[in-house]
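> pasting a predicted model and its sequence here:
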Number of protein chains: 2
Amino acid sequence: MTSEVHDTAYHRLRAQDQRYTANRRQIVDLLTSSTNPLSLPELLELANGSLVQSSAYRNLSVLEEAGVVRRLAVGDFARFELAEDLTEHHHHLICDSCHRVTDYRVPADLEASLEHAFVAIAQQTGFRPDHHRLDLIGTCSECGHRPGADTGTGLAPA
Amino acid sequence: MTSEVHDTAYHRLRAQDQRYTANRRQIVDLLTSSTNPLSLPELLELANGSLVQSSAYRNLSVLEEAGVVRRLAVGDFARFELAEDLTEHHHHLICDSCHRVTDYRVPADLEASLEHAFVAIAQQTGFRPDHHRLDLIGTCSECGHRPGADTGTGLAPA
DNA sequence: CTCAGTGCAAAGGATTTGCATGCCG
DNA sequence: CGGCATGCAAATCCTTTGCACTGAG
């Protein structure tokens, strides 16, 4: 399954005349093993010094353009996760306090109702939807206990 | 209706020992008359030189804390709109190309289904939802005609 | 008078880019 | 070999902050 992700990543990069280098592979690995979207500092920390900021940003851009990675804008900085077709369709719980993001899913019939509504929207407005986003914004269970927690970097509090 | 918004804004600021100054009033005016969330450059442009960047940011922060304005993170920069209880509940069509945002609404029964699902999520995860966000990401009708359009600033192309 | 609000300029922080070097194909 | 990927450092862009000044109560 994870090798399948690498396989897909490889082919999508190839399709854009890009290489699937060790650095890019490691980024995909880290995103694959994480249960939720990662900020760049988090990614660098998980890589334990083997990734460099600027190259990581560059590689994330390449991966994003190849459709392997998706970039999210949460709070003041970006978070990255695998493209949806490499994971299961899911949505995000976003904590207003610590800016951490957790995945969740809704029942299939609700997703179906949403899709149905989007078709109507598209027809009415001429907007061509690519995907949707159903985020819940609030306070995560952890910050519920520690009011005011906010690390700024998106890293776990010390 | 618009004077009602000012009235509410006034009282919410007062509740935080803040004044409802001419600058703040103008920001609320501009947000009220716009049909969609505005970036800061857009706001300044609409104000035609009568607003200053740093003060506008500061006032938007004050208005946000008072619950008059909501800040969105779209793409690389922030966009601002009136708080939801000063408008109707709505969602956003976000154009991947020009980063412009348009409001839309879904049927009430679908909103009800969503709320229902969120209650379940909250119980399962301990996450305490404040509000939700149902964005459609794709290409707006305008960019569908002009592929690749992206002004960077969120301002309309020249 | 006093203190919050304002404008200007400088600082800050996330992200991007220029450039010389290293390595894959 | 040739060109893309990499790392470092400097630059960029949005946003925030420091500071002196102004105006309302």
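That came through, no problem. The structure presented is a predicted model; accordingly, all values stated were derived computationally and were not measured. Residues are numbered from 1 along each chain as shown, chains lettered A, B, ... in the order given.
> in terms of helices and strands, where is A:G138?
For A:G138, the element it lies in under DSSP states H and E is strand A:128-139.
> restricting to C-alpha, output that strand in CSV.
Output in CSV follows, covering the C-alpha atoms of strand A:128-139 (Å, rounded to 0.1, in the frame of the first residue of the first chain):
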residue,chain,number,x,y,z
ARG,A,128,-16.3,24.4,-12.2
PRO,A,129,-15.6,22.6,-8.9
ASP,A,130,-12.5,20.5,-8.5
HIS,A,131,-13.0,19.4,-5.0
HIS,A,132,-14.7,20.4,-1.8
ARG,A,133,-13.7,21.0,1.8
LEU,A,134,-15.8,20.5,4.8
ASP,A,135,-13.9,21.8,7.8
LEU,A,136,-15.0,22.0,11.4
ILE,A,137,-13.4,24.9,13.2
GLY,A,138,-13.3,24.9,16.9
THR,A,139,-11.3,23.7,19.9
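> run through the neighbouring helices and strands of that strand.
If you count contacts as 3 or more Cβ pairs under 8 Å, 6 or more residues apart in numbering or on different chains; DSSP states H and E, strand A:128-139 packs onto strand A:91-95, helix A:108-125, helix B:108-125, strand B:128-139. No exception for glycine: its C-beta is placed from N, CA and C like everyone else's.
> does the first one come close to DNA strand C?
To tie it back to what came earlier, the one meant is strand A:91-95. No - using Cβ under 7 Å from any atom of the strand, strand A:91-95 stays clear of DNA strand C, coming no nearer than 15.0 Å.
> strands paired with that strand, and their directions?
Note on strand A:91-95: by DSSP bridges, its sheet partners are strand A:101-104 (antiparallel), strand A:128-139 (parallel).
> to DNA strand C, which of those strands lies closest?
strand A:101-104 (13.2 Å; Cβ to the nearest atom of the strand).
> for that closest one, buried residues please.
A:101-102, A:104 (16 or more other Cβ atoms under 10 Å in any protein chain shown).
> now do the SS call for A:G49.
coil (DSSP: H, G, I helix; E, B strand; the rest coil).
> tell me if stretch A:4-24 is near DNA strand D.
Yes - contact of stretch A:4-24 with DNA strand D (Cβ under 7 Å from any atom of the strand) involves A:17-19, A:21-24.
> returning to what we had before: okay, angle between the strand holding A:G138 and helix A:108-125 too, please.
Angle between the axes of strand A:128-139 and helix A:108-125 is 130 degrees (criterion: axes from the mean of the first three to the mean of the last three Cα atoms, to 10 degrees).
> and for strand A:128-139, what's in contact with it?
A:84, A:91-97, A:104, A:106, A:114, A:118, A:121-122, B:93, B:96, B:114, B:118, B:121, B:127-141, B:144 (Cβ atoms under 8 Å, 6 or more residues apart in numbering or on different chains).
> end to end on stretch A:16-29, go ahead and measure it.
Stretch A:16-29 stretches 20 Å from its first residue to its last (Cα to Cα, to the nearest Å).
> how far does that stretch sit from its chain's centre?
17 Å (Cα atoms, centre = their mean, to the nearest Å).
> that one near DNA strand C at all?
Yes - in terms of Cβ under 7 Å from any atom of the strand, part of stretch A:16-29 sits within range of DNA strand C, namely A:19, A:21.
> same question for that stretch, mean pLDDT?
Model confidence over stretch A:16-29 averages 95 on the pLDDT scale.
> in the strand holding A:G138, which residues are buried?
If you call a residue buried by 16+ other Cβ under 10 Å, then strand A:128-139 has these buried ones: A:128-129, A:132, A:134-139.
> tell me the domain boundaries of chain A?
A:1-87, A:89-148 (automatic domain parsing).
> what's the helix or strand hosting A:L43 packed up against?
Using DSSP H and E, A:L43 falls within helix A:40-47. Here helix A:40-47 touches helix A:22-33, helix A:53-65, strand A:77-82, going by 3+ Cβ pairs under 8 Å, 6+ apart.
> show me the shaky parts of chain A.
Along chain A, the parts satisfying pLDDT under 70 run over A:1-2, A:145-158.
> what residue of it is the furthest out?
Taking Cα atoms, centre = their mean, the residue of chain A most remote from its mean C-alpha position is A:Q124, at 29.7 Å.
> and it, how close does it get to B:R105?
11 Å (Cβ to Cβ, to the nearest Å).
> equivalent analysis for A:Y57, please.
A:Y57 is 37 Å from B:R105, by Cβ to Cβ.
> ok, A:Y20 next?
43 Å.
> in terms of secondary structure, what does the helix or strand A:A9 falls within contact?
Per DSSP H and E: A:A9 is located in helix A:2-14. When contacts are defined as 3+ Cβ pairs under 8 Å, 6+ apart, helix A:2-14 sits against helix A:22-33, helix A:53-65.
> that'll do, ta.
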